[in-house]
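**Student:** Fold the following, please.
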Amino acid sequence: MSHGKELLLAGDIGGTKTALAIFSSDTGSQRPLVEATFASKEYASLETIIARFLAGRGERLTRAVFDVAGPVVQERVQVTNLPWMIDAASLRRALGVPVHLLNDLEAIAHAVPFLESVDVETINQGDDVANGTIAVIAPGTGLGEAFIVWNGTRYQPHASEGGHTDFGPVTSLQIELLNFLMPRLPHVSYERVCSGLGIPNLYAFFKETGRAAEPDWLREMLAQAHDPTPVIVQAALENRAEICARTLDLFISILGSEAGNLALKVKAAGGVYLGGGIPPRILPQLQAESFMQAFTRKGRFADLLARVPVRVILHPKPALLGAAQYGLEWR
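**Tutor:** Next up, the predicted model:
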């Protein structure tokens, strides 16, 4: 980084919300100078949000980094759950500074080595292995996955689209769920059953197969809700409806299983971190036995997975922190 104070515009672009902030090289990635959050679907493009955020500001930016929920290919990304195409070249022209795009889970991965003790909650202590590979799985609006590998001097994050791999059921109930969804969806990925988008699919499975009844009060709430997922999750947390409790139980078992899959695929001796908006909300349920039972149910490798540390990220904006950290280190 060149001498003197540099100002970075960092953004976390998601299907539900977009967070923008300005950071200084003097104060670092933990202390934004100014920050604001916008409802993504209320805007036609990222450029529109940036223009509103910067309107009336006199700061002279040096560079910009944006993490996006979607695969970045040749400096362009189609946001997975928004009708936006984000192009780094277009943003460079608009802002007049260098611009870099990151996958949102890659950004969270950049943040993980800088998280403090108050930023995480451990749900399986395991055995920390120095410089071991770290896995990140994040159920939010969608399901993101990434991993971090020690390159000899520091941790190097790697993006992934593992959340869109084929859903692999591991119980008879999950097999019935897959059979229920296959005629209804062109592709049953893990994201379709293990994310904010997927929770209504689990709920519909219990409802439409008659496995659990939908109370009248819940039907009315869901009919009025813009997004059914928070209603379902809150009713489950309050134990107000069996159908919601069973939906959340199934979600947790699928999340545990896929987190264990990811840990095996990258040999995550350094731990598994659960990010996204959902895990902090359901922390007590994740601390119960069912998550770790699903995580470790891998036959001959159950003992290996039992030694893997598992932590929930409590930091409210880890992707923004990671984008800022990347931007301030960017050469």
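
**Student:** pLDDT weak spots in the protein?
**Tutor:** Scanning the chain for pLDDT under 70 picks out the ranges 1-4, 331.

**Student:** how's it carved up into domains?
**Tutor:** 7-104+318-329, 116-314 (automatic domain parsing).

**Student:** closest to residue 110 out of those domains?
**Tutor:** Across these, residue 110 has its closest neighbour in domain 7-104+318-329 (3.5 Å, CB to CB). For the C-beta atoms, the positions are set from N, CA and C on the backbone; glycine is no exception.

**Student:** got the residue ranges for the helices in the stretch 151-300 of the chain?
**Tutor:** Listed in chain order, the helices of the stretch 151-300 of the chain (DSSP state H, counting those that start in this stretch) span 172-181, 199-208, 216-224, 228-237, 242-266, 278-281, 283-286, 289-296.

**Student:** residue ranges of the strands in the stretch 51-200 of the chain, please?
**Tutor:** Under the criterion DSSP state E, counting those that start in this stretch, the stretch 51-200 of the chain carries strands at the ranges 63-68, 76-78, 85-87, 99-103, 120-124, 134-139, 143-150, 155-160.

**Student:** hey, which of those strands is tucked in deepest?
**Tutor:** Across the strands of the stretch 51-200 of the chain, averaging neighbours per residue (mean count of other CB atoms under 10 Å) puts strand 134-139 on top, at a mean of 29.

**Student:** other SSEs contacting that one?
**Tutor:** Helices and strands touching strand 134-139, by 3 or more CB pairs under 8 Å, 6 or more residues apart in numbering; DSSP states H and E, are helix 104-111, strand 143-150, helix 242-266, strand 271-274, helix 278-281.

**Student:** hmm, 7 Å instead?
**Tutor:** Here strand 134-139 touches helix 104-111, strand 143-150, helix 242-266, strand 271-274, going by 3 or more CB pairs under 7 Å, 6 or more residues apart in numbering; DSSP states H and E.

**Student:** burial measure for the nearest residue to residue 53 once chain neighbours are set aside, as a count.
**Tutor:** Distance criterion CB to CB, 6 or more residues apart in numbering; nearest residue to residue 53, sequence neighbours excluded, is residue 20 at 4.7 Å. For residue 20, the tally of surrounding residues (other CB atoms under 10 Å) stands at 24.
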